[in-house]
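S.K.: this is a predicted model, with the sequence first.
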Amino acid sequence: MHSDQKDNPWWKRVWIFATLIEIGNEYVAEGDARYFKKMAPFWDWVDTFTKTLGLSIVCTIVVYLATYDFLVKSAVEVHPHDLALSILPNLLGFVTGVYALIFGISGKFLREIQEHNNAKVKNSQKMNPTILGLNSSFAFPLLIMVVTIFVASFQKIIQTSEFLKYLTWLLFFFSLTLTYQLIKTLFRLGRSVLLEKFVNEDS
């Protein structure tokens, strides 16, 4: 084993899941350099995913109830793989295109964002968001979309599996809620870019 692999934490050496855990960990830590080689605190994971994953679970439960006509009734039969494989590839392409555009942001503007983040953090024990958090805010939703498409492909083949069916529903809703969070990030970034351009034009 190479020396650089030995220096990596165990979760970066877990085949297949290493990338998911690494990007997810940086997403939770918002790019905080203290957690590049160790896991972010458990309660930060809980705080990060309470709303997105919680809403996804609620939506999946509603689908389950509708499937068996309990409390709510489904008018038509909808397969999760159909929705996932028709919506997510287009969404994946769009978000990837936007992701590529952020690399064109000027270094000066990125430094201003980082200085703003530093000014907000006064207690060193709290998360110290860095500009790298912007990177993971795109990468993690994209990765979840890819995982969802992968699972949905298997669900389309093995349609008798109830586990795959509801796992696909859960991941599909999780992808959508993460995209919602990403739109909020893009809105704030776009607002900052426009204000920065406006100020520079006046000066």
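M.R.: Alright, I've got the coordinates. None of these values were measured; they are calculated from a predicted model.

S.K.: list the helices and strands the strand or helix carrying F163 packs on?
M.R.: Using DSSP states H and E, F163 sits in helix 162-202. Applying 3 or more Cβ pairs under 8 Å, 6 or more residues apart in numbering; DSSP states H and E, one finds that helix 162-202 contacts helix 42-67, helix 80-101, helix 107-120, helix 132-157. All C-beta atoms are positioned from the backbone trio N, CA, C, and that covers glycine.

S.K.: winner for burial among those?
M.R.: Mean neighbour counts were taken over the helices and strands packed on helix 162-202 using mean count of other Cβ atoms under 10 Å, and the top value, a mean of 19, falls to helix 132-157.

S.K.: possible to save the helices and strands packed on helix 162-202 as CSV with mean pLDDT and distance to F36?
M.R.: Formatted as CSV, those follow (pLDDT from 0 to 100; distance: least, Cβ to Cβ, whole Å):
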stretch, mean pLDDT, distance to F36
helix 42-67, 91, 15
helix 80-101, 92, 21
helix 107-120, 65, 16
helix 132-157, 92, 9
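
S.K.: quick one: closest of those to T19.
M.R.: Proximity to T19 (Cβ to Cβ) singles out helix 132-157 among the helices and strands packed on helix 162-202, at 7.0 Å.

S.K.: what's the spacing between the closest one and its chain's center?
M.R.: 8 Å (Cα atoms, centre = their mean, to the nearest Å).

S.K.: now the angle between helix 42-67 and that helix, please.
M.R.: Per axes from the mean of the first three to the mean of the last three Cα atoms, to 10 degrees, the angle that helix 132-157 makes with helix 42-67 is 30 degrees.

S.K.: summarise which helices and strands helix 132-157 is packed against.
M.R.: Short answer (3+ Cβ pairs under 8 Å, 6+ apart): helix 132-157 packs on helix 17-29, helix 80-101, helix 162-202.

S.K.: let's see that with 10 Å instead.
M.R.: Applying 3 or more Cβ pairs under 10 Å, 6 or more residues apart in numbering; DSSP states H and E, we find helix 132-157 packed against helix 17-29, helix 42-67, helix 80-101, helix 107-120, helix 162-202.

S.K.: returning to what we had before: average pLDDT for the helix holding F163, rounded please.
M.R.: Helix 162-202 carries an average pLDDT of 84.

S.K.: which residue is nearest the middle of the protein?
M.R.: P141 (3.0 Å; Cα atoms, centre = their mean).

S.K.: ok, it touching Y180?
M.R.: Yes: between P141 and Y180 there is a contact under Cβ atoms under 10 Å: 9.4 Å.

S.K.: between those two, which contacts overlap?
M.R.: T52 (Cβ atoms under 10 Å, 6 or more residues apart in numbering).

S.K.: about what we covered before: tell me what angle the helix holding F163 forms with helix 42-67.
M.R.: 120 degrees.

S.K.: return the angle between stretch directions for helix 162-202 and helix 80-101.
M.R.: Using the same axes, to 10 degrees, helix 162-202 lies at 20 degrees relative to helix 80-101.

S.K.: quick one: helix 162-202 to helix 17-29, angle?
M.R.: Note on geometry: by the same axes, to 10 degrees, helix 162-202 and helix 17-29 are set 50 degrees apart in direction.
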